[in-house]
Each structure stands twice: as C-alpha cells, then as structure tokens.
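Colleague: sequence? don't have it. structure:
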DNA sequence: CTTTACGCCTGACGGC
DNA sequence: TGCCGTCAGGCGTAAA
C-alpha cells in the first residue's frame, strides 16, 4: 500500500508533468470510490491550470487556478502518466487529460482511495483540518509526542497511527519505528518517558527519510517508467518478519494484533 | 475527551 | 484445476 514515502515520491514524480498544465478533459470511469467522485468534477476542472502539487499526510493536493483536487490512494491506489487513448482497464477509474498531451491516470483496485474537489482552502477541508503535524516537519518531535500522550492508555502503536497525533504513519512505518526505538507496541502511550519519545520521533523521521531516499533511486523517471512505483525495496526489520530472528538480539520476532492491526516486535528488545 | 469496533473492497492464499 | 472462505489494510464514522 502506498505509505507516506510512496506518496511523497509520487508527488515529486508527477509534479513536473502537471505543474502549469491546463486540464483539457476529465474522464471518470468509476465514481464509487471511498466516497463518490463528485459529479461535475469535469465542469469544475476543465480549463483550470495546475499550480502545484502538495502532500499532506497521505493526501495529494493538486492545486489549480479554480480549486484543489484532493487525492487519496487508499490501500491499492496508484497514479501513472499515460498517453490518452490507451484504454483504461477495469481498475482504472479517472483520467486527467492535460494540454501537454499527457494523461494522469488513477488506478485503484480496492477502491479505498478518494477523489475530492474543493474550492476552499484544502488544508481546512474536514478530512485534513485535524491532521497532526507532518512527521518530517520541525513541529514533530519527542516533546510533541510526549505531550500528546499524557493520560493516554491506548497502546503506543495505536497512538502513533492516530492521524491527529501525527499525519501519515501507517502500520508498516509504525512497526518499524517502534522496533528501532526499542518500544513495545502494546505499551500504554501515556506511560512512556520523554527520552524514549525523543528516540521514537527520531526513528519515525529516520525510516521515512530512508524510504523517500530509496524511492528517489527506485523511481528515476516517473514519466518514462510507465508505471507507478510499487513497494520500495526498503529493507524492513520487523514488518512482515514474524518468526525471523531479531537482527539485534536474535530472539524470534512475535506477531500480535494490537489496535486491530497486526504488529510484529521483538519481545526482548522492545519494552 | 478517549477508545473500540466496524465497514468499505478485491486480490492473494490456503484448504479441499 | 476450481471453488470457497478468510484476511489484510487506511481511515472515517458510529458507538461506547
């Protein structure tokens, strides 16, 4: 699934293709995504010029002269740049045809993704307004986590995946960051010392930055790569590695469901 | 306010 | 080979 680093890589990949381009045509092949793709999207967008492409958490924002297209790729979404005229397959739901002759195509087999349109400040949109800080921005650090965790009894893993605490941390990176910080995913968020939150914040930044770096090398040229990025070949240390030996202590990695999500951890290293 | 459960979807996978 | 049940997984939402 596309996580924050993938979304960031997609943003960097598509932005040069999209920016300053006029939208010539919008084709919707499937309206039923997480929410119904707004009727009249074409009317709203055609003729608009794309100003820039931003990311907030896992949302992509295509800001145009008329409003902002908000995209979320859900579990299985991807974007690619194709030639208009290439017939979309059954999982390709939306095309933005641009004046430069290119076409941005959204594919999303599971349809957990979303395509929304707003003419207001997109950051004030109900879906975005209550997001916590960007994990790679200075507003995210151990002090923030520690402060927000006060009195919380929920497992730290759930806390870290709460978008109001910090934006864009999914199961993979929560699992990896907790492993690197040596914190047990089931520990109550409010019972973790400030210094350990410093380590956790650093771990979150580290895994995300590594993955973004990896994405940059994996995806040399978004346009000619004729495919959206899949999973980055990031070396995962815990996620999906249940049963393997912990790379630090050799203990077998365990898996347990915490907050409705599978969690992998080392019972010896993570406390 | 916090916490928990649920549901939206389909491809992959295991069992038979 | 094919059919079927199960599950993952982000995240908004309703309910507790």
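Modeller: Everything's here; your move. This structure is a prediction, so every number in the text was calculated from the model and none was measured.
Colleague: Now the longest helix belonging to chain A: average pLDDT?
Modeller: Across chain A, the longest stretch assigned as helix under DSSP state H is helix A:194-218. Helix A:194-218 shows a mean pLDDT of 89.
Colleague: for that helix, packing partners?
Modeller: helix A:4-18, helix A:142-149, helix A:156-160, helix A:171-181 (3 or more CB pairs under 8 Å, 6 or more residues apart in numbering; DSSP states H and E). All C-beta atoms are positioned from the backbone trio N, CA, C, and that covers glycine.
Colleague: Need those helices in TSV (columns: mean pLDDT, mean neighbour count and distance to DNA strand B).
Modeller: Converted to TSV, these look like this (pLDDT from 0 to 100; neighbours: other CB atoms under 10 Å; distance: least, CB to the nearest atom of the strand, whole Å):
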stretch	mean pLDDT	mean neighbour count	distance to DNA strand B
helix A:4-18	92	21	18
helix A:142-149	97	18	7
helix A:156-160	96	25	6
helix A:171-181	95	24	12
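Colleague: now the ones you listed as JSON lines including distance to residue A:38?
Modeller: Formatted as JSON lines, these follow (distance: least, CB to CB, whole Å):
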{"stretch": "helix A:4-18", "distance to residue A:38": "19"}
{"stretch": "helix A:142-149", "distance to residue A:38": "34"}
{"stretch": "helix A:156-160", "distance to residue A:38": "32"}
{"stretch": "helix A:171-181", "distance to residue A:38": "30"}
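Colleague: got any ranges where chain A has weak pLDDT?
Modeller: A:216-233 (pLDDT under 70).
Colleague: If we use 50, what do you get?
Modeller: A:220, A:224-226, A:230 (pLDDT under 50).
Colleague: Flag every residue of it that's near DNA strand B.
Modeller: Within chain A, the positions adjacent to DNA strand B are A:32, A:34, A:75, A:91, A:109-112, A:151-155, A:158-159, A:189-190, A:259-260 by CB under 7 Å from any atom of the strand.
Colleague: Buried ones among these?
Modeller: A:34, A:91, A:109, A:111, A:152, A:155, A:158-159, A:189, A:259 (16 or more other CB atoms under 10 Å).
Colleague: among those, which two are most distant?
Modeller: The span of these, defined through CB to CB, is set by A:91 and A:152 at 38.9 Å.
Colleague: need the residues of chain A near DNA strand C, please.
Modeller: Checking chain A against DNA strand C by CB under 7 Å from any atom of the strand, the hits are A:1, A:3, A:34, A:57-58, A:72, A:74-76, A:110, A:112, A:126-127, A:161, A:163, A:168, A:170-172, A:240, A:257, A:260-262.
Colleague: Take the residues you listed and keep only those in strands.
Modeller: In strands, judged by DSSP state E, the following of these are found: A:72, A:257, A:261-262.
Colleague: Could you work out the most separated pair of these?
Modeller: Farthest apart among these - using CB to CB - are A:72 and A:257, which lie 24.7 Å from each other.
Colleague: Please compare the two by neighbour count and tell me which comes out ahead.
Modeller: Remark: of residue A:72 and residue A:257, residue A:72 carries more neighbours, 21 against 8, as counted by other CB atoms under 10 Å.
Colleague: So the more buried one is in contact with residue A:34, correct?
Modeller: Yes: contact criterion CB atoms under 8 Å: residue A:72 and residue A:34 qualify, at 7.1 Å.
Colleague: quick one: common contacting residues for these two?
Modeller: Common neighbours of residue A:72 and residue A:34 (criterion: CB atoms under 8 Å, 6 or more residues apart in numbering): A:113-114.
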